[in-house]
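>>> turn this into a model:
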Amino acid sequence: METNLWHPVALASAVQSGPVAVTLLEQALVLWRDADGQVQAWTDRCPHRGARFSLGQVREGRLECPYHGWQFESVGRCVQVPALPDFTPPASHCAITHACREAHGLIWVQLEATAEDPGLPPFEAETDAALRKMNCGPYDVAASAPRIVENFLDMAHFSFVHEGWLGLRARPEIDAYEVQDTPRGLRATGCKAWQPQSNLHSTAPAQVEYSYEVTDPYCALLTKVPEAGTTAVAGWRESIALYICPVTPESSRVWFRLAVADFDSPDEKLAAFQHTIFTQDQPVLESQTPKRLPLDLQAERHAATDRVSVAYRRMLARRGVRFGVI
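Model (predicted):
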């Protein structure tokens, strides 16, 4: 099931003139741009003698194997064998190609196509011209993708992991909220948390209203709106998308796509706030055992504040997800 989904594998800006090696669902891939600037995603193995394409180079819009210089065009077919200048390679001399798209500043790959394309996970804020978009990451995390998604959905840890930023020990209460299933996953609304500094421009502690949405097994969104008058930017609002590449069942590569009402701060300043928050989460995520998320609801204890987490685990079980879970 996981191989039919679209997964982020690299920043689009990271794929330029040469091949780039990535790993998705334990499969080694190579990314490169053809003569038209279109990104290609192939299995990182030359069909001749199994050398890694990612050790080669792109020459005149073709991917060249580092071992014997065989050259392949964008559809994956070998078009030149230097040791045999007069040889026309047959169609069987081809690389294994995968569907690839460029969106949200990232390269997305689908390992196995399906009759009905599930499409990329949606991000409504992407088309909102009043919000500035930028990506943060990647972060390489020794935790399963589902553990990272569940952490993203969890508000009860704010007062402890993010004390002084997104929470305070003296104000740990989380009010009841609603969770609903959606065609792509689930949505949690009416989520509220008292936060000393909910965003880069906070000027006072605020009650912040959150909404969460799981848009694919390994992707999620949040929107947050603080009380009026508690930020230096009038009408502040933001949306954050969590995009995860499941590298192995117990390791992941993570990006955050920010959509914020701030066109003045430098990228570095916006990224620094997100970096602070996630690097507070990361050691806790990497400490969790088992690393793979248990779908058996009796395997770990739950409280009322975990309602969205329980719904997420049920969603994964319902959809037949097996990578990164037990």
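>>> so where's the longest helix in this protein?
What stands out as the longest helix in the chain, according to DSSP state H, is helix 267-287.
>>> give the next helix or strand downstream of that one.
Counting by DSSP states H and E, the next helix or strand C-terminal to helix 267-287 is helix 307-319.
>>> return the list of helices and strands in contact with that following helix.
Other helices and strands packing on helix 307-319, by 3 or more CB pairs under 8 Å, 6 or more residues apart in numbering; DSSP states H and E, are helix 145-153, strand 178-181, strand 186-195, strand 206-216. Placement of C-beta: from N, CA and C, glycine included.
>>> change it to 6 Å
Packing partners of helix 307-319 (3 or more CB pairs under 6 Å, 6 or more residues apart in numbering; DSSP states H and E): helix 145-153, strand 178-181, strand 186-195.
>>> what does that helix contact?
With contact meaning CB atoms under 6 Å, 6 or more residues apart in numbering, helix 307-319 is reached by 150, 153, 179, 185-186, 188, 214, 217, 295, 302, 325.
>>> centre of the chain to stretch 294-311, how far?
Here stretch 294-311 is found 23 Å from its chain centre; the criterion is CA atoms, centre = their mean, to the nearest Å.
>>> could you number the chain from 17 rather than 1 from now on?
In the new numbering, first residue 17, that becomes stretch 310-327.
>>> can you mark which positions in that stretch are buried?
Neighbour counts over stretch 310-327 (16 or more other CB atoms under 10 Å) mark 311, 321-325, 327 as buried.
>>> swap in stretch 64-80?
Residues of stretch 64-80 classed as buried by neighbour count (16+ other CB under 10 Å): 67-70, 72-74, 78-80.
>>> out of those residues, which comes closest to Asn215?
Checking the buried residues of stretch 64-80 against Asn215 with CB to CB, the nearest one is Ser70 at 38.7 Å.
>>> what about the nearest residue to the closest one once chain neighbours are set aside, which helix or strand?
Spatial nearest neighbour of Ser70, excluding adjacent residues (CB to CB, 6 or more residues apart in numbering): Ala37 at 3.6 Å. Assigned by DSSP H and E, Ala37 belongs to strand 36-40.
>>> please enumerate residues in contact with that strand?
Residues from elsewhere that reach strand 36-40, judged by CB under 6 Å, 6+ apart: 23, 25-26, 45-47, 60, 70, 125, 261, 263.
>>> now with 8 Å?
23, 25-26, 30, 44-48, 60, 68, 70, 125, 127, 261-264 (CB atoms under 8 Å, 6 or more residues apart in numbering).
>>> filter those down to the buried ones, ChimeraX style.
Restricted to buried positions by 16+ other CB under 10 Å, the ChimeraX selection for these reads:
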select :23,25,26,45,46,47,48,60,68,70,125,127,261,262,263,264
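>>> how about the strands in the stretch 17-166 of the chain?
Here the stretch 17-166 of the chain has its strands, by DSSP state E, counting those that start in this stretch, at 23-27, 36-40, 43-49, 55-59, 73-75, 78-80, 87-88, 94-96, 113-119, 122-126, 148-157.
>>> and the residue nearest to His291 when sequence neighbours are not counted, what does it touch?
Excluding its sequence neighbours, the residue lying closest to His291 (CB to CB, 6+ apart) is Cys152, at 6.6 Å. The contact partners of Cys152, taken as CB under 8 Å, 6+ apart, are 271-274, 286-287, 290-291, 294.
>>> just the buried ones from these?
Among the contacts of Cys152, the ones that count as buried by 16+ other CB under 10 Å are 271-274, 286-287, 290, 294.
>>> looking at those, which is nearest Glu302?
Phe294 (12.0 Å).
>>> show me what the closest residue to that closest one other than its chain neighbours is bridged to.
Leaving aside its chain neighbours, Phe294 sits nearest to Tyr155 (6.2 Å; criterion: CB to CB, 6+ apart). Note on Tyr155: beta-bridge partners by DSSP bridges are Val270.
>>> so Tyr155 sits against Gln298, correct?
Yes: between Tyr155 and Gln298 there is a contact under CB atoms under 8 Å: 6.8 Å.
>>> for those two, list the residues in contact with both.
Here Tyr155 and Gln298 have no joint contacts, going by CB under 8 Å, 6+ apart.
>>> Gln96 contacts His84, doesn't it?
No: in this structure, Gln96 is not within contact of His84 by CB under 8 Å, at 10.6 Å.
>>> more neighbours: which of the two?
Using other CB atoms under 10 Å, the more surrounded residue of Gln96 and His84 is Gln96, with 17 against 13.
>>> residues in contact with Ala107?
Arg93.
>>> output stretch 89-105 as PDB, nothing but the C-alphas.
The C-alpha coordinates for stretch 89-105 follow below in PDB (Å, rounded to 0.1, in the frame of the first residue of the first chain):
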ATOM      1  CA  GLU A  89      17.700   9.000 -21.800                       C
ATOM      2  CA  SER A  90      14.800  10.300 -19.700                       C
ATOM      3  CA  VAL A  91      12.400   7.400 -20.500                       C
ATOM      4  CA  GLY A  92      15.000   5.100 -19.000                       C
ATOM      5  CA  ARG A  93      16.200   3.500 -22.200                       C
ATOM      6  CA  CYS A  94      19.900   3.000 -22.800                       C
ATOM      7  CA  VAL A  95      21.000   5.000 -26.000                       C
ATOM      8  CA  GLN A  96      24.700   4.700 -26.000                       C
ATOM      9  CA  VAL A  97      27.300   2.000 -25.100                       C
ATOM     10  CA  PRO A  98      30.700   3.700 -25.500                       C
ATOM     11  CA  ALA A  99      32.700   0.500 -25.900                       C
ATOM     12  CA  LEU A 100      30.500  -0.400 -28.900                       C
ATOM     13  CA  PRO A 101      30.000   2.800 -30.900                       C
ATOM     14  CA  ASP A 102      27.900   1.100 -33.600                       C
ATOM     15  CA  PHE A 103      25.700  -0.900 -31.200                       C
ATOM     16  CA  THR A 104      22.000   0.100 -30.900                       C
ATOM     17  CA  PRO A 105      20.900  -1.000 -27.400                       C
END
